[in-house]
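>>> quick one: sequence and predicted model below, then my questions.
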Amino acid sequence: MTLLEHPVTAPPSAGSLAAALLVAGPLASVLVVAVEGPAQTAAVRSALRRESRTEDWVGTDGDDVVVVLAVLPADLDAVADRLLSVAERVSGRPAAGGLTAASAERSPGDLLDRARVGLRVAWACGGGRVVRHP
């Protein structure tokens, strides 16, 4: 896989993380959800797509499901917690999430890295939660 094919570093195109961030605009936040145990990425991705809104983007990066949410900051934690519970229900396994808010000076790769830091903290705390990384 080349850097141009990798979803995080690829130039903006339909269906990419970068394009989703552009469309979502200033309210964009990136949520990374991971399920413990055997990868059930496809099933979790499908469930999160069904449970999210049309303007949200749902994709995958390895065994993680990445969601770009375009929600008001006041609603962000509740939406992230709801999506995490959907992932746990569908997989039948514990899940954890990392969340970060988008900003103009951060690249899609940086946002994904920040969300993954929150994900690692969530797993270190035992999973079953979403941790926001500033």
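Perfect, I can see it now.

>>> can we go C-alpha only for contacts and neighbour counts from here?
Noted.

>>> residue 98 bridge partners, please.
Counting by DSSP bridges, residue 98 is bridged to residue 32, residue 131.

>>> how many neighbouring residues does it have?
28 (other Cα atoms under 10 Å).

>>> how about residue 57?
Residue 57 has 23 nearby residues by other Cα under 10 Å.

>>> relative to residue 71, how far out is it?
Residue 57 sits 12 Å away from residue 71, going by Cα to Cα, to the nearest Å.

>>> where do the helices of the protein begin and end?
Assigned by DSSP state H, the chain shows helices spanning 17-24, 41-51, 73-91, 108-124.

>>> adding mean pLDDT, mean neighbour count and distance to residue 61, write the ones you listed out as a markdown table.
Output for the helices of the chain, formatted as a markdown table (pLDDT from 0 to 100; neighbours: other Cα atoms under 10 Å; distance: least, Cα to Cα, whole Å):
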| stretch | mean pLDDT | mean neighbour count | distance to residue 61 |
| --- | --- | --- | --- |
| helix 17-24 | 67 | 20 | 10 |
| helix 41-51 | 93 | 18 | 9 |
| helix 73-91 | 93 | 17 | 16 |
| helix 108-124 | 92 | 20 | 10 |
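
>>> ok, which of those helices comes nearest residue 62?
Set against residue 62 and scored by Cα to Cα, these come closest in helix 41-51, at 8.4 Å.

>>> what angle separates the closest one from helix 73-91?
Interaxial angle, helix 41-51 versus helix 73-91 (axes from the mean of the first three to the mean of the last three Cα atoms, to 10 degrees): 140 degrees.
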